[in-house]
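**Q** Provided below are the primary sequence and the corresponding predicted coordinates.
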Amino acid sequence: DAKTTQPNSMESNEEEPVHLPCNHSTISGTDYIHWYRQLPSQGPEYVIHGLTSNVNNRMASLAIAEDRKSSTLILHRATLRDAAVYYCILREGWGNAGNMLTFGGGTRLMVKP
Amino acid sequence: NAGVTQTPKFRVLKTGQSMTLLCAQDMNHEYMYWYRQDPGMGLRLIHYSVGEGTTAKGEVPDGYNVSRLKKQNFLLGLESAAPSQTSVYFCASSYSGGYVSPLHFGNGTRLTVT
């Protein structure tokens, strides 16, 4: 299975943009890149996903490298509520293997007021 | 707007005791999942279900059983609890198993086995 590599932790100042990197050098052509985040004492929460093109939604933007070996989750203005563990996950786009979301260690984002 | 509800929220068991964790979703989702999360680690898939009456093994199924008798409920059973099963258990559901169907998680059950 293709794996992802993320920094263990990052810090940001409130109201500044945050760029959370993810490396996935063994990604296959059918793998979608998903991001979830987990706030303290809560279950994970879906953030965004993409395949090749950059994606935007109300929570964040996802920038995907042209060779798809890396991606970056962008929070445009960090708030204290964005302090969480962010997981970058590859999800196969077909078959029952798509059920097997594999969560690694993620990046713990700390936001300073 | 309940989403995914897990009961109980906390439980302490003695080694060898049994218990059942209940997950209920009100979104009419076909797929449901049970994950466990150990301190400082990511989530690992225990079992999942692709529809009422079906179940399948995930990454770490040993010591657990599951049932999906009704579409909205997914039960996780521990027949003989062991200290190694001390963990936080998360249930999730999704509309389908495809890549465009995000998982919706409950807020977890914290289980301690002494």
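**A** Happy to help now that I have it.
**Q** What are the phi and psi values at the closest residue to chain B within chain A?
**A** With C-beta to the nearest C-beta as the measure, the residue in chain A that lies nearest chain B is residue A:43; the distance is 3.0 Å. (Each C-beta comes from the backbone N, C-alpha and C, glycine too.) When read as degrees, to the nearest 10, the backbone of residue A:43 gives phi -80, psi 160.
**Q** Excluding chain neighbours, give the residue nearest to residue 25 in space.
**A** With no chain named, the answer covers chain A. Counting by C-beta to C-beta, 6 or more residues apart in numbering or on different chains, residue A:25 lies nearest to residue A:69, which is 4.7 Å off, once chain neighbours are set aside.
**Q** Correction: the question concerned chain B.
**A** Closest residue in space to residue B:25, ignoring its immediate chain neighbours: residue B:93 at 4.2 Å, by C-beta to C-beta, 6+ apart.
**Q** Sketch out the low-pLDDT regions of chain B for me.
**A** Chain B contains residues with pLDDT under 70 at B:1, B:98-99.
**Q** near chain A, which residues of it?
**A** Contact residues (C-beta under 8 Å from any C-beta of the partner chain) of chain B with chain A: B:4, B:31, B:33, B:35, B:40-45, B:48, B:50, B:56, B:58-59, B:90, B:92, B:97-100, B:102-108.
**Q** hmm, 10 Å instead?
**A** B:3-4, B:6, B:31, B:33, B:35, B:37, B:40-45, B:48-50, B:56, B:58-59, B:88, B:90-92, B:94, B:96-108, B:110 (C-beta under 10 Å from any C-beta of the partner chain).
**Q** Can you say which of those residues are buried?
**A** Listed as buried from the residues of chain B next to chain A are B:4, B:6, B:31, B:33, B:35, B:37, B:42-45, B:48-50, B:58, B:88, B:90-92, B:94, B:97-99, B:101-108, B:110; burial here means 16 or more other C-beta atoms under 10 Å in any protein chain shown.
**Q** For the residue of chain A closest to chain B, give me its contacts.
**A** A:36, B:3-4, B:6, B:35, B:37, B:43, B:88, B:90-92, B:103-108 (C-beta atoms under 10 Å, 6 or more residues apart in numbering or on different chains).
**Q** what do you get for residue A:22?
**A** For residue A:22, the contact set (C-beta under 10 Å, 6+ apart) comprises A:4-7, A:33, A:35, A:62, A:64, A:70-73, A:86-90, A:104, A:106-107.
**Q** what about 6 Å?
**A** Taking C-beta atoms under 6 Å, 6 or more residues apart in numbering or on different chains as the definition of contact, the neighbours of residue A:22 are A:4, A:6, A:71, A:88.
**Q** If you rank those by neighbours, which is first?
**A** The most crowded member of the contacts of residue A:22 is residue A:88, carrying 26 neighbours; neighbours defined as other C-beta atoms under 10 Å in any protein chain shown.
**Q** Setting aside sequence neighbours, what's the nearest residue to residue A:49?
**A** Across the structure, with C-beta to C-beta, 6+ apart as the measure, the residue nearest residue A:49 apart from its sequence neighbours is residue A:34 (4.3 Å).
**Q** looking at this, that neighbour is in a strand?
**A** Yes: assessed by DSSP: H, G, I helix; E, B strand; the rest coil, residue A:34 belongs to a strand.
**Q** ok so, going back, would you mind measuring from the residue of chain A closest to chain B to residue B:104?
**A** Separation of residue A:43 from residue B:104 (C-beta to C-beta, to the nearest Å): 8 Å.
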